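# can you look at this prediction? I've put the sequence above it.
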Amino acid sequence: SGSDLGLISAGTLSVCSDVPYPPFEDFDKSAPTGFKGFDVDIVEAIAKQLDLKVEIKDSSFDALQSGLALNSNQCDMAASAMTITPEREQRIGFSDGYYSSEQSLLVPSDSSITGIADLAGKKVGVQKGTTGESYANDNASDADIVVFPSDGEMYAALKAGQVDALLQDLPVNLDHQNDPKEPGAFKVVETYDTGEEYGLAMKKTNTGLITAVDKALKTLKDDGEYKKIYDSYFATN
């Protein structure tokens, strides 16, 4: 029942997300929540199983991954393309993984950069608090790493020529590569399999909610609903 889920407001699952981060989350005035994307669809499918309404709020990614937004009761859950890491697990509780992610490098199509080995002395955009930032720090040691609060600012900087490359989650960089407003302007030159899984984040202490969400996720995977949502965003053919 809803009573043992430890929700801020009974009957409503309040979800924080760092928007826009397509295809995982984006604004959509026509949608019931005001948002759309893979994370949004997954959360709505879970909430439907738990018989809860969904309310989504835009939040900074750093406040989500640090546990600040959850621990100060701004939301019950963070659904924001967030990788499960041991460091984050010390601060927040995670559902089982619901998406496997790779990191990637995006550059202008006419760039001479073919991979991370060519980044010496180049400016590389990363997002604060992300696994892309840690990957760049660990593997692009000769690069000038420029930290941005969000993908929106990173992409604008790449378009303006203020950075030479973006290192971040593959689907987001693919979204830029296929940007209809900038046809053929950018390309993903390298991907990095870091064994990452995205998880839905909740308060560590809220074990009732974590258990209920894992059970709902399992049902979605077993009954084919998860695959349907996944394929609508990530089918490659």
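Great, that's in hand. As the structure is a prediction and not an experimental result, all values here were calculated from the model. Numbering: from 1, shown residues only.

# for Asp214, the count of nearby residues, please.
If you count neighbours by other CB atoms under 10 Å, Asp214 ends up with 17. Backbone N, C-alpha and C define where each C-beta goes, glycine included.

# where does it sit, in terms of helix or strand?
helix 207-222 (DSSP states H and E).

# determine how far that helix lies from the middle of the whole chain.
19 Å (CA atoms, centre = their mean, to the nearest Å).

# equivalent analysis for stretch 173-190, please.
Per CA atoms, centre = their mean, the centroid offset for stretch 173-190 relative to its chain is 18 Å.

# okay, it in PDB with CA atoms only?
These are the backbone C-alpha positions of stretch 173-190, laid out as PDB (Å, rounded to 0.1, in the frame of the first residue of the first chain):
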ATOM      1  CA  ASN A 173      25.900  12.800 -27.800                       C
ATOM      2  CA  LEU A 174      24.000  10.800 -30.500                       C
ATOM      3  CA  ASP A 175      21.100  13.200 -30.000                       C
ATOM      4  CA  HIS A 176      23.500  16.100 -30.900                       C
ATOM      5  CA  GLN A 177      25.000  14.100 -33.800                       C
ATOM      6  CA  ASN A 178      21.500  13.700 -35.200                       C
ATOM      7  CA  ASP A 179      20.300  17.200 -34.400                       C
ATOM      8  CA  PRO A 180      17.900  18.200 -37.200                       C
ATOM      9  CA  LYS A 181      18.900  21.900 -36.700                       C
ATOM     10  CA  GLU A 182      22.600  21.200 -37.200                       C
ATOM     11  CA  PRO A 183      22.600  18.400 -39.900                       C
ATOM     12  CA  GLY A 184      26.000  16.800 -40.200                       C
ATOM     13  CA  ALA A 185      27.700  19.300 -38.000                       C
ATOM     14  CA  PHE A 186      28.900  16.900 -35.300                       C
ATOM     15  CA  LYS A 187      30.000  13.300 -35.000                       C
ATOM     16  CA  VAL A 188      30.700  10.700 -32.200                       C
ATOM     17  CA  VAL A 189      34.300   9.600 -32.800                       C
ATOM     18  CA  GLU A 190      34.800   7.200 -29.900                       C
END
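
# contact partners for the one residue sitting closest to the centre of the chain?
Taking CA atoms, centre = their mean, the centroid of the chain lies closest to Ala81, which sits 1.8 Å from it. Applying CB atoms under 8 Å, 6 or more residues apart in numbering to Ala81 gives the contacts 21, 24-25, 39, 99, 101, 169, 172, 198.

# what helices and strands are in contact with the helix holding Asp214?
Packed against helix 207-222, as judged by 3 or more CB pairs under 8 Å, 6 or more residues apart in numbering; DSSP states H and E, are the following elements: helix 38-49, strand 93-94, strand 201-202, helix 225-234.
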